[in-house]
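**Q** 3D, please:
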Amino acid sequence: MADSFATPKSALVDLAQQRMRTAIPDGDWSIRQKLALTCRILFDAGHDSGLAGQITARAERPGTYWTQRLGLGFDEITEDNLLLVDEDLDVLAGEGMANPANRFHSWVYRARPDVNCIIHTHPPHISALSMLETPLVVSHMDLCPLYDDCAFLEKWPGIPVGNEEGELISAALGDKRALLLAHHGQLVATASVEESCTLAVLFERAARLQLLASASGRIQEIPDLLAREAHDWTSTPKRSQANFAYYVRRALRAGHGDALTTPPTGTTATTASSTTATATATDSPEDGPR
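**A** Numbering: from 1, shown residues only. Below you'll find the model as predicted:
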């Protein structure tokens with residue numbers, strides 16, 4: 001006999017969160033492996049725009065971070081061709097140079113000690129929305145991780161290679177996890193690679209839905225209290241880890257195994273070996289579990 005049919009919703013929420021903390025493994029990918037896999041996941045999700053866009057993650061030494069080499073597309077990034085750079089973008093390890101636009105990453109890391117990974121891309125629906133000079137509207141349950149968590153920079157400051165843009169972008173982001181940049185693209189800045197990957201994929205879906213809905217009528221607001229509840233429910237580290245693990249499996253099935261040069265171990269070894277070489281028609285990275 002079931003014994004939870006009279007249990008209050010708040011207690012069921014607490015129970016589910018407790019079970020997630022033990023049932024969902026942490027994963028044992030290295031930072032560089034997670035960055036390389038995220039590049040492949042974002043490529044399949046339509047985040048590539050030629051060589052535009054950057055991804056970074058804090059390295060162990062303070063004031064340094066990993067990023068991709070300028071000249072390589074997201075589908076060419078591997079754990080071995082990433083660069084270790086300092087806040088001045090001087091290369092400390094690896095060959096080549098970083099994207100000069102990484103400078104605003106340095107500003108965000110300085111302003112936000114809680115941020116460990118930043119993703120900046122120009123996917124088509126976010127780019128289209130940015131051309132309307134209108135902020136992101138969150139009006140669907142699946143998109144609530146972005147509810148009241150996406151800032152808006154309504155004026156385009158030009159190419160983001162100067163300290164002026166770094167100061168402006170970090171100030172516009174404030175304490176949010178995401179930022180829509182008018183006439184430009186998106187930025188997510190969170191505590192982990194898994195969280196940033198999940199939010200970047202979701203951000204593009206949110207922009208696509210906003211464009212679709214606004215083309216059909218006026219978007220209706222959702223209740224603030226319920227939206228905040230959904231934001232918190234879907235924004236836990238375990239949710240991000242589960243989403244990321246799912247996206248990794250799909251990337252590996254789609255043939256992105258060359259992103260890794262070190263065999264995965266532990267739970268990730270099981271994950272990698274269980275994938276197949278052929279992606280299915282339903283393998284759209286936009287539709288992961290939330």
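**Q** show me what Q186 bridges to in the sheet.
**A** For Q186, the beta-bridge partners under DSSP bridges are T121, L180.
**Q** how close does it get to L84?
**A** Plainly put, Q186 is 25 Å away from L84 if you go by Cβ to Cβ, to the nearest Å. For glycine as for every other residue, the C-beta is placed from the backbone atoms N, C-alpha and C.
**Q** tell me which of the two has more neighbours.
**A** Set side by side, Q186 and L84 show more neighbours around Q186, with 28 against 18, by other Cβ atoms under 10 Å.
**Q** so where is the stretch 151-290 of the chain shaky, pLDDT-wise?
**A** Applying pLDDT under 70 to the stretch 151-290 of the chain picks out residues 263-290.
**Q** try 50 this time
**A** In the predicted model, the stretch 151-290 of the chain carries pLDDT under 50 at residues 276-290.
**Q** for this structure, what spans make up the strands?
**A** Secondary structure of the chain by DSSP state E: the strands cover 54-58, 64-67, 83-86, 91-93, 117-121, 150-153, 178-181, 185-190.
**Q** pull up the distance across stretch 65-85, start to finish.
**A** End-to-end distance of stretch 65-85: 6 Å, with Cα to Cα, to the nearest Å as the criterion.
**Q** quick one: buried residues of it?
**A** By 16 or more other Cβ atoms under 10 Å, the buried positions in stretch 65-85 come out as 65-70, 74, 76-79, 81-85.
**Q** redo the strands of the chain as JSON lines? Include distance to A172.
**A** Shown next, in JSON lines, are these (distance: least, Cβ to Cβ, whole Å):
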{"stretch": "strand 54-58", "distance to A172": "17"}
{"stretch": "strand 64-67", "distance to A172": "20"}
{"stretch": "strand 83-86", "distance to A172": "23"}
{"stretch": "strand 91-93", "distance to A172": "28"}
{"stretch": "strand 117-121", "distance to A172": "13"}
{"stretch": "strand 150-153", "distance to A172": "4"}
{"stretch": "strand 178-181", "distance to A172": "6"}
{"stretch": "strand 185-190", "distance to A172": "9"}
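**Q** show me the longest helix that occurs in the chain.
**A** Of all the segments of type helix in the chain, defined by DSSP state H, the longest one is helix 193-216.
**Q** list the helices and strands it packs on?
**A** With contacts taken as 3 or more Cβ pairs under 8 Å, 6 or more residues apart in numbering; DSSP states H and E, helix 193-216 sits against helix 31-44, strand 117-121, helix 124-130, strand 178-181, strand 185-190, helix 237-253.
**Q** tell me which of the strands of the chain approaches V13 most closely.
**A** For V13, the closest of these is strand 185-190, at 22.1 Å, according to Cβ to Cβ.
**Q** how big is the angle separating the closest one from strand 117-121?
**A** Strand 185-190 and strand 117-121 are oriented at 170 degrees to each other (axes from the mean of the first three to the mean of the last three Cα atoms, to 10 degrees).
**Q** and for strand 185-190, what's in contact with it?
**A** With Cβ atoms under 8 Å, 6 or more residues apart in numbering as the contact definition, strand 185-190 has outside contacts at 49, 52-53, 108, 112, 115-123, 126-127, 130, 169, 173, 177-181, 196, 199-200, 203-204, 207, 240.
**Q** what do you get for stretch 90-101?
**A** Applying Cβ under 8 Å, 6+ apart, the contact partners of stretch 90-101 are 51, 54, 64, 67-71, 81-86, 89, 120, 159-161.
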